[in-house]
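Student: need coordinates for the below:
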Amino acid sequence: MRVAQYVAFRSGIEVRAANLQTLFAAPGRAYLPMIMKIMIKHGLHQLMAIDWLPMQLWLDAQREIADTIGEHTLFALGKKAPEVVAWPTGIDTIEAALASIDVAYHLNHRMDGEPMCDLRTGVMKEGIGHYRCRASGDRSIAVVCDTPYSTELERGLITGTARRLEPAAEVTLDETQPTRRRGGDSCTFLVRW
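Tutor: As a prediction, this is how the structure comes out:
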């Protein structure tokens with residue numbers, strides 16, 4: 001499957017509307033008027049009162065935010081996400097935190113009205129991609145992302161997650177690996193602390 005930024009893999013995928021809270025919590029007051037204009041244009045202001053919204057609508061708004069305000073705003077949104085979205089509990093190491101991103105990602109999406117992750121059974125449905133972790137050295141983990149979200153949003157999400165347990169953690173895009181910016185199907189981030 002070809003993975004492109006800002007394009008849902010299929011119809012029927014929804015994202016928790018609580019994710020919209022990152023729009024107001026992250027980028028700063030200066031951007032709020034532009035963000036509200038984008039939300040209104042995409043009809044998101046009417047969807048904040050519901051629990052779920054179409055993933056493609058959320059991706060379209062993010063693309064416009066990147067194009068009009070800048071990708072740094074998506075980095076800020078991603079960085080704030082671990083504070084405002086549904087997340088597994090009992091995480092006490094950076095390794096566990098990074099591994100939990102995939103679970104949290106699936107908890108915050110559903111397909112055809114059904115949750116994409118069942119914490120009781122551990123079953124995750126396919127259809128939105130994954131965040132996969134592997135050790136890449138001493139105090140270093142590689143996180144491979146094959147989602148439709150932007151590279152900068154993913155870098156922000158990984159940074160926010162890592163810094164919850166290791167405040168000095170640094171996250172960089174591994175330019176030696178394929179990236180969606182260069183036509184690849186995934187992006188690999190190196191987390192060092």
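Student: not counting sequence-adjacent ones, nearest residue to the residue sitting nearest the centre point of the chain?
Tutor: By C-alpha atoms, centre = their mean, the mean C-alpha position of the chain lies nearest to Glu154, the distance being 5.0 Å. Leaving out its chain neighbours, the residue that sits closest to Glu154 by C-beta to C-beta, 6 or more residues apart in numbering is Cys145, at 4.7 Å. Quick note: C-beta positions are derived from backbone N, CA and C, even for glycine.
Student: about what we covered before: quick one: contacts for the residue nearest to the centre of the chain?
Tutor: Glu154 makes contact with 78, 131, 145, 147, 187, 189, according to C-beta atoms under 8 Å, 6 or more residues apart in numbering.
Student: which residues sit in contact with the second one?
Tutor: With contact taken as C-beta under 8 Å, 6+ apart, Tyr131 is in contact with 98, 101-102, 105, 143-145, 147, 154, 158.
Student: which member of those is positioned nearest Ser11?
Tutor: Nearest to Ser11 among the contacts of Tyr131 is Thr147, at 16.5 Å by C-beta to C-beta.
Student: let me see the contact set for the nearest residue to that closest one once chain neighbours are set aside.
Tutor: Among residues not flanking Thr147 along the chain, Gly129 sits closest, at 3.8 Å (C-beta to C-beta, 6+ apart). Under the criterion of C-beta under 8 Å, 6+ apart, the contact partners of Gly129 comprise 3, 9, 145-148.
Student: how far away is the residue in the chain sticking out farthest from the centre from Cys187?
Tutor: Distance from the C-alpha centroid of the chain, by C-alpha atoms, centre = their mean, peaks at Asp138 (25.7 Å). Asp138 is 23 Å from Cys187, where distance means C-beta to C-beta, to the nearest Å.
Student: show me where pLDDT drops low in the chain?
Tutor: Within the chain, the stretches with pLDDT under 70 are 1-3, 24-29, 45-49.
Student: what about the strands in it?
Tutor: Here the chain has its strands, by DSSP state E, at 13-16, 52-54, 109-111, 114-115, 117-118, 123-124, 131-137, 140-145, 170-173, 187-192.
Student: now those in TSV, with distance to Trp87?
Tutor: Output for the strands of the chain, formatted as TSV (distance: least, C-beta to C-beta, whole Å):
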stretch	distance to Trp87
strand 13-16	11
strand 52-54	17
strand 109-111	13
strand 114-115	15
strand 117-118	12
strand 123-124	15
strand 131-137	13
strand 140-145	16
strand 170-173	18
strand 187-192	17
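Student: understood, closing this out.
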